[in-house]
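1. Any chance you can model this:
(2 chains)
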Protein chains: 2
Amino acid sequence: MQFNIKQKEFYAGLNIVKKAVASSNTLPILTGIYLKAVTGKGLQVKATDLELGIEYWIDVDIQREGAVVLPANQLINIIRELPNEQISFKVNQEKWQAELNCLSSQFKLSGYDPDEFPSLPEVDIPVTFKMPANKLLDTIKKVRVSTSSDETQPALTGALFEVKPEKIRMVSTNTYRLSFIELNYKTGIEDDIKAIIPGNTLQELSSLLNNDGEVEILINENYARFDFEGIIVISRLIEGKFPNYELVIPDEFNSDFVADLKRMQNSVKRASLIARLDSNIISLIVNEDKLEINSLENSSGYAHEEVEIELNGSEQNINIDAGYLLDVLKILSDEEIHVELIGPLNPLVIKSVAEASKFIYLIMPVRSQN
Amino acid sequence: MQFNIKQKEFYAGLNIVKKAVASSNTLPILTGIYLKAVTGKGLQVKATDLELGIEYWIDVDIQREGAVVLPANQLINIIRELPNEQISFKVNQEKWQAELNCLSSQFKLSGYDPDEFPSLPEVDIPVTFKMPANKLLDTIKKVRVSTSSDETQPALTGALFEVKPEKIRMVSTNTYRLSFIELNYKTGIEDDIKAIIPGNTLQELSSLLNNDGEVEILINENYARFDFEGIIVISRLIEGKFPNYELVIPDEFNSDFVADLKRMQNSVKRASLIARLDSNIISLIVNEDKLEINSLENSSGYAHEEVEIELNGSEQNINIDAGYLLDVLKILSDEEIHVELIGPLNPLVIKSVAEASKFIYLIMPVRSQN
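-> Numbers count the residues shown, from 1 in each chain, chains lettered A, B, ... in the order given. Now for the predicted structure:
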């Protein structure tokens, strides 16, 4: 195995796949990055923690074919610190030891037999469709926040991905809040798909995707595969049943108001500075022309904020988790926020509806502690 | 107690003194910031952890005099999140509760009786002198790195500050390395002073000092006081005897060489990526025209770096801690580094000598493990 590669391209490629490197040491080889040199194709780099796999090809001339697995952290640290010059890379295929030379620097790194590296699952192609990368990225950002971290309910640690012939939906909930997003988009598929994508996969996808180009998506019973800009992300799906979210989203309301997003965000953030000393609950008092945001009574302080609003319907009063409200305010990019309310024991609903997409964010109320 | 203050000025003032706020909760009032409004003088803010105290005056119009101690973290977080507008601040002097209003935000914060806040010690003035802030800052940066973190030898956790009529010296050592800096500077004092300044005080001084103006320094038996740009820093001195550093600094050498600082830094950094997997020891092989930097033999890898040098004297070979070498390479701003060597069992000495100052940095060798 032998090739020359520019430091910058090598470093960029390693950074793409490192997100799938296993962080725990269950199987030492999984803390490594698999490198394979193929004449005419270049250098394949890949990593997997068995849940998630990422694969990428770097376009380089190969002098001798071969493969090796090298410890990810050490390899990436070394490549990062080398100057942006040509690196000559060769591997002793008996000892699985790589030798890197760059100007007057020389490194030797011991690795693993590449044949022992688990191969990423083949996702044979029962269903495949394409969607613009920017739409997938936006969708993921809006649902990621509501996934649960409670491993005892695995289905809630991911997001439900529903694909229909002319619609794409993603939904997530930790039972205290819920994100729902629906895009009107011709997928061209014939039969509906439902799959639960792990929260960690959503996290890594959102850091790898950018706003250009298309993503090809393949889903079978156990895996989803996302293919974009030369990057392949393969993720195990979460087994289990996702709760019937349609029952939870209210279709009527008694009051709704519009407020400036930025002002709302600043006010909730400040109120939360006091509220978080306790349980981070804030009380919202929705009046005719203003929203009052108050911290609940507690020993160490008190916060009171006012935001101008335009209210339709009756005045309202609800206690919610300030963090849940802040999260959605950070995600939205509209100038205004639209809020719907039924009463103090029903969820607060934030809606952002555009021509081809609908986003609904739901926060369960907290019963008044007084 | 009542006054109006611009958010930005209040925030800046609180940030100056917060470095002296106690982080542990031994005495709750010490986790607060003392605020005192004095007609005609403005707002005094101060904090102390009993080792270090910082005091600062903010120029504001006072409507009603008074004082209070408020929890530092909460106060600073709230002020940071408020818009840059006028904040009206008043205190209920019976409940020690502050009320802050800014546009449509209102906060109440419970605090402490200011009479229970320990006063910063008066440093009566047996010795006082002035020096340019940029020189003090540079001196502190060069010695701070060599202070020890071993609390069993308190004298080594600080730096020795020696002031003579025409010289200022600062020295620190953790017994494995040593920083020595000497400035030729007319202090105007009559009798020599020796004081050990705590490492933490050096840390905070280096973050508060900038390159403008002068610092007035007062030292008595127990305290040092630094007065600059309206900021007063009072620090307890460390009791005990500082080791006789003059015995340790060699005055002769067998070989010396000059190398490019930046190249040296990059090479040591890279070699350290492998060396730190073990004990972070590197071996330096000083040849006629090049310095070789190697990681020691270990299981997981090998690093070899070469840096061009100009050598006078015999070839050398020494093992040292890569971290100690990197630290000094980061501090120096010269283009080149000047290194002196005696042999493998004697310290390696780095010197940076300018017209009015002399900096010596000494690294003890590590015996070869082979």
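2. how about the lengthiest strand in chain A: buried residues?
-> In chain A, with assignment by DSSP state E, the single longest strand is strand A:301-313. Neighbour-count burial for strand A:301-313, counted by 16 or more other C-beta atoms under 10 Å in any protein chain shown, picks out A:Gly301, A:Tyr302, A:Ala303, A:His304, A:Glu305, A:Glu306, A:Val307, A:Ile309, A:Leu311. C-beta here means a position set from N, CA and C on the backbone, and glycine is covered the same way.
3. Any idea what the first one is bridged to?
-> By that I understand A:Gly301. A:Asn298, B:Leu109 (DSSP bridges).
4. In contact with it, which residues?
-> Counting by C-beta atoms under 8 Å, 6 or more residues apart in numbering or on different chains, A:Gly301 touches A:Ile274, A:Leu277, A:Ser295, B:Gln74, B:Phe107, B:Lys108, B:Leu109, B:Ser110.
5. returning to that earlier point: can you name the next helix or strand after the longest strand of chain A?
-> strand A:316-321 (DSSP states H and E).
6. Just the CA atoms of the longest strand of chain A, as CSV, please.
-> Taking Å, rounded to 0.1, in the frame of the first residue of the first chain, the C-alpha atoms of strand A:301-313 are listed here in CSV:
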residue,chain,number,x,y,z
GLY,A,301,-34.5,35.7,42.7
TYR,A,302,-37.3,36.7,40.4
ALA,A,303,-37.5,37.6,36.7
HIS,A,304,-40.2,39.4,34.9
GLU,A,305,-40.2,40.0,31.1
GLU,A,306,-42.7,41.6,28.8
VAL,A,307,-43.0,41.1,25.0
GLU,A,308,-45.4,42.9,22.7
ILE,A,309,-47.9,40.5,21.0
GLU,A,310,-51.0,40.6,18.9
LEU,A,311,-53.6,38.3,20.5
ASN,A,312,-56.6,36.7,18.9
GLY,A,313,-59.0,35.0,21.3
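7. for chain A, what spans make up the helices?
-> A:7-17, A:72-81, A:133-144, A:199-208, A:261-275, A:322-331 (DSSP state H).
8. circling back: restrict the contacts of A:Gly301 to the buried ones and give me that as a PyMOL selection.
-> Those of those that count as buried under 16+ other C-beta under 10 Å are selected in PyMOL with:
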select buried, (chain A and resi 274+277+295) or (chain B and resi 74+107+108+109+110)
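9. Can you add pLDDT and distance to A:Asn266 and give the contacts of A:Gly301 back as JSON lines?
-> Below are these laid out as JSON lines (pLDDT from 0 to 100; distance: C-beta to C-beta, whole Å):
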{"residue": "A:Ile274", "pLDDT": "93", "distance to A:Asn266": "14"}
{"residue": "A:Leu277", "pLDDT": "86", "distance to A:Asn266": "19"}
{"residue": "A:Ser295", "pLDDT": "94", "distance to A:Asn266": "15"}
{"residue": "B:Gln74", "pLDDT": "94", "distance to A:Asn266": "17"}
{"residue": "B:Phe107", "pLDDT": "97", "distance to A:Asn266": "14"}
{"residue": "B:Lys108", "pLDDT": "96", "distance to A:Asn266": "19"}
{"residue": "B:Leu109", "pLDDT": "95", "distance to A:Asn266": "19"}
{"residue": "B:Ser110", "pLDDT": "94", "distance to A:Asn266": "24"}
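10. so what's the residue of chain A positioned farthest from its centre up against?
-> Distance from the C-alpha centroid of chain A, by C-alpha atoms, centre = their mean, peaks at A:Ser104 (40.8 Å). A:Ser104 is in contact with B:Ser267, B:Glu305, B:Glu306, B:Val307, counting by C-beta under 8 Å, 6+ apart.
11. What parts of the stretch 151-300 of chain A come near chain B?
-> A:Asn266, A:Ser267, A:Lys269, A:Arg270, A:Leu273, A:Ile274, A:Leu277, A:Ser299, A:Ser300 (C-beta under 8 Å from any C-beta of the partner chain).
12. Let me know the pLDDT of the first one.
-> Right, the one you point to is A:Asn266. You'll see A:Asn266 listed with a pLDDT of 97.
13. Is it correct that it is in contact with B:Arg80?
-> No: look at A:Asn266 against B:Arg80 with C-beta atoms under 8 Å: they stay out of range, at 11.5 Å.
14. between those two, which one's more packed in?
-> The residue with more neighbours, out of A:Asn266 and B:Arg80, is A:Asn266; 18 against 14, by other C-beta atoms under 10 Å in any protein chain shown.
15. what mean pLDDT does stretch A:40-60 have?
-> 96.
16. Buried residues, stretch A:194-208. List them.
-> Neighbour counts over stretch A:194-208 (16+ other C-beta under 10 Å) mark A:Ala195, A:Ile196, A:Ile197, A:Pro198, A:Gly199, A:Asn200, A:Thr201, A:Leu202, A:Glu204, A:Leu205, A:Leu208 as buried.
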